[in-house]
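Trainee: Pasting the sequence and the predicted coordinates here, then a few questions.
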Amino acid sequence: MVAVVAAGTSMASPGPTPLAASSTIPPPNDVPYPGTLKLSVDTTDLTRRVFKVHEDIPIAAAGDVVLFYPRWLPGTHAPEGPIDRLAGLTVSARGARIAWTRDALDPFAFHVPVPAGVTAIGVDFAYLSPVGKQIGRQEVGREMLVLDWDAVVLYPAGYFTRQIPIEATIRVPDGWRLACALDIASSAGAATTFKAVPVETLVDSPLHAGRYYRRYDLAPGDKTPVVLDLTADRADLLEVSPKVTDLYRQLVQQAYRLFGAKHYDHYSFLLALSDEIGWDTTLEHHRSAEYGEPVDDLVDWDKTMGNRDVIAHEFVHSWDGKFRRPADLWTPDYNTAMRNSLLWVYEGGTSYWGEVLTARAGLWTKQQALDELAGNIALMQAQAGRSWRSLQDTTNDEIINPRRPMSWPSWQRFEDYYLEGGLIWLDADTLIREQSGGKKSLDDFARTFFGVHDGSYVPETYTFDDVVKALGDVMQHDWATFLRSRLDGVGKVPLDGVARSGYKLVFTGEPGDYWKSVEGFRQKGVNHTYSLGIMTDKDALVTYVLWDSPAAKAGVTIGMKLLAVDGLAYEANRLTKAIERAAKTNTPIELILSQGEVFKTARVDYHGGLRYPHLVRDGSKPALLDDILAPRAR
């Protein structure tokens, strides 16, 4: 006999059922923590690159105390706290060790059963800084180090981090000097103690230390100090030409003329000029920004044009991202999940203003700024992933993939909210200028949205509706539709701003000086993205392949090594010449490549010649872009 179950009747299936899970971690509360944490970090073990950490943490009541290791880090917009580098964790009180347990649901949380009568606990652990590039960004060199406090602090759960005071002490190698936005309370030999600040401020104040250090005043005569704190591999690298420091001073002044307010009591550009310290990562902070750059960048200033906007980008973040912060991105502590829906403002707006200010300050010539923008536009046009992913969806990228290598980045899309977000802001700027007859611009939005409450560095949050309203206050327009259509659609690059700007994108067979500089000093290889669809490094490794490009169709992938071009051993110039020859024939370009122990012949059927992007003047339109890039007198 067959049992018939009536439609709509539910029946439990055989097998396990979910095990109920509940958290015993207290939620963050906006109340003062009862006492001041004391943190001590010893960084003198340079050989093994081990930082020894000790904390004294006052305890208000016995019982289960939960300590957090920071997980969600400001500026990275993702759960990237390096807890895998924490080792040797011990907790003690009154000379006796207390056994801790890791939380079953959150591996960044540690439960400490504090006995009755205990009013403070001691915490000791080591932070294992990467000993090689294969492990992570290099933070320690022979003559300098960089320290992010989030890597070396545990803090009590149950409180907003702005409500937990902490006093930090650091010991560096003898003879080294340090730079940090924190105020110094005292120094004794190689140990420096900073004035107590909230944990929020500590984590937002990275530290550089080194044997070779020099400070440059970037705001002489201003009551609000702004400095360049330079740490370098060698003493001779500390001599920055007056030409360069004057440009940095102009950057500060142009930022003030744009935003009209300051949101710090002092500001430091923390620059590590090194070929040992990892220079592939920079990060913004409210009263400082940390940068790492190869030694060539200042020594060969006239040849190293690429990425000069990074200095301006992180500076702009003091206004856009730190002072004004997306409401869904701000969190009360470092273990509450962030939401990144407004990164096209936080990062996209900062990309736009960073490039604009780089030009206005003279760090780029107008031509260099145009060349950078041309490259951005060309790259966004080439993103095949736009056919299936919206720009809005890319704001999740840091959470999906915290900058791990990708096989097909143009098909997957990655962090396009930076460059494409910048194109949306160019679109808004040119629209305002066009419809107001040049009387208003996005500068007005910058001043009213980011430049309020001069002198305050208490973060103020905003929503999508706040952005729409602020744009509407500058010029009446359906800004909600304007933004959502560009953020949520697929397939189309937001190029209306380029069309209005008085310029147009073209491709020619000759790279400009800016392209050559980026290719030679940053990429250290050759870039044929818009012809064959590949980039290679100085060792002939393929570092980028454009999806659906001629090279991709021929089977070339990232990680292969170029061995030969048209029967001759690979040289960068031979590949360039082969592309030129193929434009005059129907014969494919033959590449021999290796991938591990496997060899491959790829016949690339491409005959379009060399192609490099340029912006050229469109005389049918007013040169709005010229005005956008021009320095402001006041």
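Mentor: Received the coordinates, thanks.
Trainee: and the helix or strand of the chain with the lowest mean pLDDT, what does it pack onto?
Mentor: When each helix and strand of the chain is scored by mean pLDDT, DSSP states H and E, helix 296-299 comes last, with a mean of 82. If contacts are counted by 3 or more Cβ pairs under 8 Å, 6 or more residues apart in numbering; DSSP states H and E, helix 296-299 sits against no helix or strand. Any C-beta I mention is one placed from the backbone N, CA and C, and that applies to glycine too.
Trainee: How about residues contacting it?
Mentor: For helix 296-299, contacts defined as Cβ atoms under 8 Å, 6 or more residues apart in numbering pick out L237, V240, S241, V244, L273, K303, T304, N307, F521.
Trainee: Then stretch 537-547?
Mentor: Residues contacting stretch 537-547 (Cβ under 8 Å, 6+ apart): 382, 384-385, 408-411, 523-525, 529, 533-536, 551-552, 556-563, 570, 593.
Trainee: Next, the contact list for F269, please.
Mentor: L218, V226, V227, L228, D229, Y248, S288, A289, Y291, I311, F315.
Trainee: Now pLDDT too, for the contacts of helix 296-299, in TSV please.
Mentor: Below are these laid out as TSV (pLDDT from 0 to 100):
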residue	pLDDT
L237	95
V240	94
S241	94
V244	96
L273	94
K303	85
T304	87
N307	85
F521	76
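Trainee: quick one: which of those sit in strands?
Mentor: Judged by DSSP state E, the contacts of helix 296-299 include L273 as members of strands.
Trainee: Export the contacts of helix 296-299 to TSV and append columns for distance to N340 and neighbour count.
Mentor: Output for the contacts of helix 296-299, formatted as TSV (distance: Cβ to Cβ, whole Å; neighbours: other Cβ atoms under 10 Å):
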residue	distance to N340	neighbour count
L237	37	17
V240	36	19
S241	39	11
V244	34	15
L273	31	26
K303	36	14
T304	31	19
N307	23	19
F521	31	17
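Trainee: Strands of the stretch 101-250 of the chain, start to end?
Mentor: 101-102, 109-114, 120-128, 144-147, 155-156, 165-171, 177-180, 184-188, 191-194, 197-198, 207-210, 212-217, 226-232 (DSSP state E, counting those that start in this stretch).
Trainee: Let me have the ones you listed in CSV, extended by distance to P74 and mean neighbour count.
Mentor: Compiled in CSV, these are given as follows (distance: least, Cβ to Cβ, whole Å; neighbours: other Cβ atoms under 10 Å):
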stretch, distance to P74, mean neighbour count
strand 101-102, 24, 12
strand 109-114, 19, 19
strand 120-128, 19, 19
strand 144-147, 16, 26
strand 155-156, 14, 25
strand 165-171, 16, 21
strand 177-180, 17, 22
strand 184-188, 23, 11
strand 191-194, 19, 18
strand 197-198, 13, 19
strand 207-210, 16, 25
strand 212-217, 25, 17
strand 226-232, 20, 24
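Trainee: So which of those strands is nearest R339?
Mentor: Of all the strands of the stretch 101-250 of the chain, it is strand 109-114 that lies closest to R339, at 20.5 Å by Cβ to Cβ.
Trainee: Tell me which strands the closest one pairs with, and in which orientation.
Mentor: strand 63-68 (antiparallel), strand 101-102 (antiparallel) (DSSP bridges).
Trainee: Run through the helices of the stretch 351-500 of the chain in chain order.
Mentor: Under the criterion DSSP state H, counting those that start in this stretch, the stretch 351-500 of the chain carries helices at the ranges 366-381, 391-394, 397-400, 409-412, 419-435, 442-450, 464-474, 479-488, 496-500.
Trainee: Those helices: which one's closest to A12?
Mentor: helix 397-400 (34.6 Å).
Trainee: Give me the spatial nearest neighbour of T394, chain neighbours excluded.
Mentor: Nearest residue to T394 in three dimensions, chain neighbours excluded: D416, at 4.7 Å (Cβ to Cβ, 6 or more residues apart in numbering).
Trainee: One more: Y33?
Mentor: In space, Y33 is closest to I164, 4.3 Å off (Cβ to Cβ, 6+ apart).
Trainee: what's the burial count for the one you found?
Mentor: By the criterion of other Cβ atoms under 10 Å, I164 has 23 neighbours.
Trainee: that older thread, can you list the contacts of helix 296-299 in a markdown table and add distance to W330?
Mentor: What follows is the contacts of helix 296-299, written out as a markdown table (distance: Cβ to Cβ, whole Å):
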| residue | distance to W330 |
| --- | --- |
| L237 | 38 |
| V240 | 36 |
| S241 | 40 |
| V244 | 35 |
| L273 | 33 |
| K303 | 41 |
| T304 | 36 |
| N307 | 28 |
| F521 | 37 |
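Trainee: domains in this structure, as residue ranges please.
Mentor: 24-205, 325-500, 513-612 (automatic domain parsing).
Trainee: Now tabulate the ones you listed in TSV and tack on distance to K621.
Mentor: TSV is the format used below for the domains of the chain (distance: least, Cβ to Cβ, whole Å):
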stretch	distance to K621
domain 24-205	36
domain 325-500	7
domain 513-612	23
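Trainee: Show me the one of the ones you listed that comes nearest I277.
Mentor: Between the domains of the chain, domain 24-205 lies closest to I277; by Cβ to Cβ that is 5.1 Å.
Trainee: per-residue confidence averaged over that closest one?
Mentor: In this model, domain 24-205 has an average pLDDT of 97.
Trainee: Ok, stretch 544-554 next?
Mentor: On average, stretch 544-554 scores 98.
Trainee: still on that earlier bit, list only those of the contacts of stretch 537-547 flagged as buried.
Mentor: For the contacts of stretch 537-547, a burial check counting by 16 or more other Cβ atoms under 10 Å picks out 382, 384-385, 408-411, 523, 525, 529, 533-536, 551-552, 556-558, 560-562, 570, 593.
Trainee: What about these, which are in strands?
Mentor: G525, I534, M535, T536, K561, L562, L593.
Trainee: Distance check, the third one against R403.
Mentor: Put plainly, it is M535. 17 Å (Cβ to Cβ, to the nearest Å).
Trainee: hang on, the earlier thing: from the contacts of F269, pick the one nearest Y155.
Mentor: S288 (20.6 Å).
Trainee: rewinding a little: could I get the helices of the stretch 351-500 of the chain in a markdown table, plus columns for mean pLDDT?
Mentor: Shown next, in a markdown table, are the helices of the stretch 351-500 of the chain (pLDDT from 0 to 100):
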| stretch | mean pLDDT |
| --- | --- |
| helix 366-381 | 97 |
| helix 391-394 | 98 |
| helix 397-400 | 94 |
| helix 409-412 | 96 |
| helix 419-435 | 98 |
| helix 442-450 | 98 |
| helix 464-474 | 98 |
| helix 479-488 | 98 |
| helix 496-500 | 97 |
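Trainee: any chance of those helices in TSV, plus distance to S40?
Mentor: Shown next, in TSV, are the helices of the stretch 351-500 of the chain (distance: least, Cβ to Cβ, whole Å):
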stretch	distance to S40
helix 366-381	44
helix 391-394	41
helix 397-400	32
helix 409-412	42
helix 419-435	41
helix 442-450	37
helix 464-474	42
helix 479-488	46
helix 496-500	52
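Trainee: what's the closest of those helices to A179?
Mentor: That would be helix 442-450 among the helices of the stretch 351-500 of the chain, by Cβ to Cβ, at 26.1 Å.
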